[in-house]
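Chemist: here's my sequence, what's the structure:
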Amino acid sequence: MSRIYIETHGCQMNEADSRAIAAQASAAGYEVVAQAEHADVVVLNTCTVRDNAEQRAYGRLGHFKTLKDRKTHVRVIVCGCLAEQDREKLKANLLHVDGVFGTSELARLGETLVKWREQAGEEKDSSLDERWLEEPLGGEADCIGDAYSHLRAFVTVQRGCSYYCTFCIVPHVRGRFDHRPMEEILAEVRRAVECGAREIMLVGQTVNAYREPATGADFGELCRAVAAIEGLERLTFISPHPKDFSEKMVRDLARIPQLNPRVHLPLQSASDPMLRRMNRKYTFTEYQERVAWFGRYLPSWLITTDLIVGFPGETEEDFRATLDYCASGVFSQAFMFIYSQRRGTPAALWEQVPPKVSSERFKRLVAAQDAACRATHQRKIGRVQRALIQGPSKKNPQKLALKTTDNVTAIVPRVEFLGDPARPWIDVRIEEAFTWGVMGTAIGDAEHHDAPSRPVLRPLIDLSAIER
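Modeler: Purely as a prediction, here's the structure:
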């Protein structure tokens, strides 16, 4: 069987695209493998949201050239935003790249994979010693199926963005808004639930801007239709834009019991002058209004955000507005970035904040937000929360990694009978809190989110083995 390796950089949109690539590859007769050196086709799904992501992608393509120099039959594919942005550059300068598929061309990838599999065979040297390649290639594979991978499913509802924030390359590489028909979305959710998905994540570049092409139904109405599907246990979404939340939409969301109690609400800056320069299309007062709606209709929900430090023109006063808002504890978690110039965006041409100033501000912001994050997690100590299994902890396979419904990572020791994929919901008594998440003890497991739990059996002490 032909083998394919998929590596994903970037956002949940790219993760969803990689799952679609894996599905096409499986339908074409490929096995998805965990190491590039064992594959016949290597796929790099790229991100260009920041300069270091772009440089990382080019670095990985250099690693894959090392592989192809040694194994000439291997095909290298570039997908995602870099493929859209640097299509001609990739074709002209990286001759070891066999295919470039932009964000709007993934449907053609399956046909290419079928053609390549039919051509494969005699040229492949399966006797090659691949061990020498493992160290230089590194990387982390995506879409490798395990006992838990079916429990969560990404369903793309909307692609592209039409807002043109002055720092953002997305509209240039993913295009303007493109909304899928609601019935198509609902059919995909039904298939995922039938295959055992306990949680569905609706994905879009600006997901709450969704409008059903035929009827104009908004994102709140879409969520209510998805939640009505029989067997759906939990529902979540990423990544919305503050501009597109209306009070009516938030009220609609409050009527959906399956929704996970967490919303990601990217702020970027708490300074109105910065928001105008960023072309964010809302004021700080309007942003606070959205926060107030969630507090009124969904008071138990956690709010997470994105923040940019050192955007062109940012003064100490602008930065202090963001710092003070974070220090108030409004956000349970934040993804924080120092501004990165992106080719083709207006802000890249403006006078930049000195790197030393940006770095110093970034450290202050991280310290303030980390304190708010730890405080959120510390409030969980002593509580029992139900969480869905992700899989073995990456740092210690003797422990299980879980996600609470409000998207907090929980780590628990593995004990006998714990971790059955048929009983993936774990009741965790939370005992320790950290910036990254919590640790605790599993006290029960359940087949469904709303089902009663079965007590977790503890290891018995063999009294006969105790020295007297």
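Chemist: where does the prediction get shaky in this structure?
Modeler: 121-138, 457-468 (pLDDT under 70).
Chemist: where do the helices sit along it?
Modeler: In the chain, helices defined by DSSP state H lie at 12-27, 51-70, 81-85, 87-93, 109-119, 134-137, 170-174, 182-194, 219-227, 247-254, 272-278, 284-297, 316-327, 355-378, listed in chain order.
Chemist: burial count for the nearest residue to residue 310 once chain neighbours are set aside?
Modeler: Spatially, and ignoring its direct neighbours in sequence, residue 310 is nearest to residue 358 (2.9 Å; Cβ to Cβ, 6 or more residues apart in numbering). Where you see a C-beta, it was placed from the backbone N, CA and C, and this is true even at glycine. Residues lying near residue 358 (other Cβ atoms under 10 Å) number 19.
Chemist: might you report the residue contacts of residue 358?
Modeler: 309-310, 338-339 (Cβ atoms under 8 Å, 6 or more residues apart in numbering).
Chemist: distance of it relative to residue 317?
Modeler: 15 Å (Cβ to Cβ, to the nearest Å).
Chemist: same check on residue 35?
Modeler: Counting by Cβ to Cβ, the gap from residue 35 to residue 317 is 51 Å.
Chemist: neighbour count: the two, which is higher?
Modeler: residue 35 (16 against 9).
Chemist: wait, that one touches residue 140, no?
Modeler: No. At 10.1 Å, residue 35 and residue 140 do not qualify as touching, with contact defined as Cβ atoms under 8 Å.
Chemist: was I right about residue 112 contacting residue 106?
Modeler: No. Residue 112 is not in contact with residue 106 according to Cβ under 8 Å; the separation is 10.5 Å.
Chemist: so for stretch 251-261, what gets flagged as buried?
Modeler: Across stretch 251-261, burial judged by 16 or more other Cβ atoms under 10 Å covers 252-254, 258-260.
Chemist: with distance to residue 275 added, can I get these in CSV?
Modeler: Below are the buried residues of stretch 251-261 laid out as CSV (distance: Cβ to Cβ, whole Å):
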residue, distance to residue 275
252, 26
253, 24
254, 27
258, 33
259, 28
260, 28
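Chemist: now for the residue at minimal distance from the centre of the chain: which residues touch it?
Modeler: Against the mean C-alpha coordinate of the chain, by Cα atoms, centre = their mean, the closest residue is residue 12 at 3.4 Å. Contacts for residue 12 were tallied using Cβ under 8 Å, 6+ apart; they are 154, 201, 203, 238-239.
Chemist: could I get those residues as a markdown table with neighbour count and distance to residue 64?
Modeler: Below are these laid out as a markdown table (neighbours: other Cβ atoms under 10 Å; distance: Cβ to Cβ, whole Å):
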| residue | neighbour count | distance to residue 64 |
| --- | --- | --- |
| 154 | 20 | 25 |
| 201 | 20 | 29 |
| 203 | 24 | 27 |
| 238 | 21 | 29 |
| 239 | 20 | 29 |
